[in-house]
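Visitor: Model the structure of this input:
(2 chains)
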Amino acid sequence: QKEVEQNSGPLSVPEGAIASLNCTYSDRGSQSFFWYRQYSGKSPELIMSIYSNGDKEDGRFTAQLNKASQYVSLLIRDSQPSDSATYLCAPAGNMLTFGGGTRLMVKP
Amino acid sequence: DAGITQSPRHKVTETGTPVTLRCHQTENHRYMYWYRQDPGHGLRLIHYSYGVKDTDKGEVSDGYSVSRSKTEDFLLTLESATSSQTSVYFCAISPGGSQETQYFGPGTRLLVL
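Guide: Take a look at the predicted model:
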């Protein structure tokens, strides 16, 4: 069983700030991770995937994977109110085990 | 959006009645999944399928059964619904493979009275 832990939040940041979301995992065999965003009342949607140690950037989003410390993070630069959602992380695999998610609130 | 639909989208039923939820995909993906999402528990896997007639249990399978007679359809049945099965149910699909992500359907809100 791949266990994944996330701080449930809410994490509140002002508009334009950097939001930092973290996820720790227990399975040292986990090689890759996905970040999903879920707006209230909607289904999760994939926003980032990271397959190797280090950083991966995509627009305002940066995913960071540190296998030695067993954590993965998502940075959102220039946060916008439209980024307010719950963010879920999951290690890749045929059976995804999701963290409980972190609720992000971006205040104008 | 990936071609995934769920029906019904909302359902209210009474304790003890059978309920069947349907997931339909047009992507021809091999893997299909059923999750439930509850406050404080996140997304939990109920059952999944890795091909026609090939299914397996997930983390919270008690009280649920599934069937997949065609690639495009995956059915979730609550044989005798209980109030603890009130939840939002999501179907997901994936091409398969350890690096492939899952794409989620719009969800079904089920209320068991």
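Visitor: contacts, neighbours, all on C-alpha from now
Guide: Will do.
Visitor: For the residue nearest the centre of chain B, list the residues it contacts.
Guide: The centroid of chain B falls nearest to B:Trp34 when counting by Cα atoms, centre = their mean (2.7 Å). Contact analysis of B:Trp34 by Cα atoms under 8 Å, 6 or more residues apart in numbering or on different chains lists B:Leu45, B:Ile46, B:His47, B:Tyr48, B:Leu76, B:Tyr89, B:Phe90, B:Cys91, B:Ala92.
Visitor: out of the residues you listed, which are buried?
Guide: B:Leu45, B:Ile46, B:His47, B:Tyr48, B:Leu76, B:Tyr89, B:Phe90, B:Cys91, B:Ala92 (16 or more other Cα atoms under 10 Å in any protein chain shown).
Visitor: Could you say which helix or strand holds the first one?
Guide: When elements are assigned from DSSP states H and E, B:Leu45 belongs to strand B:42-51.
Visitor: again with the last one
Guide: Using DSSP H and E, B:Ala92 maps to strand B:87-94.
Visitor: Return the list of helices and strands in contact with that strand.
Guide: strand B:4-7, strand B:31-38, strand B:103-104, strand B:108-112 (3 or more Cα pairs under 8 Å, 6 or more residues apart in numbering or on different chains; DSSP states H and E).
Visitor: Can you tell me the strand partners of the third one and which way each runs?
Guide: In this case it means strand B:103-104. strand B:87-94 (antiparallel) (DSSP bridges).
Visitor: Report the mean confidence score over the strand it pairs with.
Guide: Averaged across strand B:87-94, the pLDDT comes to 96.
Visitor: Alpha carbons of it, as PDB, please.
Guide: In PDB, the C-alpha atoms belonging to strand B:87-94 read as follows (Å, rounded to 0.1, in the frame of the first residue of the first chain):
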ATOM      1  CA  SER B  87     -20.900   9.600  -1.200                       C
ATOM      2  CA  VAL B  88     -19.600  11.100  -4.500                       C
ATOM      3  CA  TYR B  89     -18.500   8.300  -6.800                       C
ATOM      4  CA  PHE B  90     -15.900   8.900  -9.500                       C
ATOM      5  CA  CYS B  91     -15.100   6.700 -12.400                       C
ATOM      6  CA  ALA B  92     -11.600   7.000 -13.900                       C
ATOM      7  CA  ILE B  93      -9.900   5.500 -17.000                       C
ATOM      8  CA  SER B  94      -6.300   4.900 -17.900                       C
END
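Visitor: and that strand, how far from the chain's centre?
Guide: 5 Å (Cα atoms, centre = their mean, to the nearest Å).
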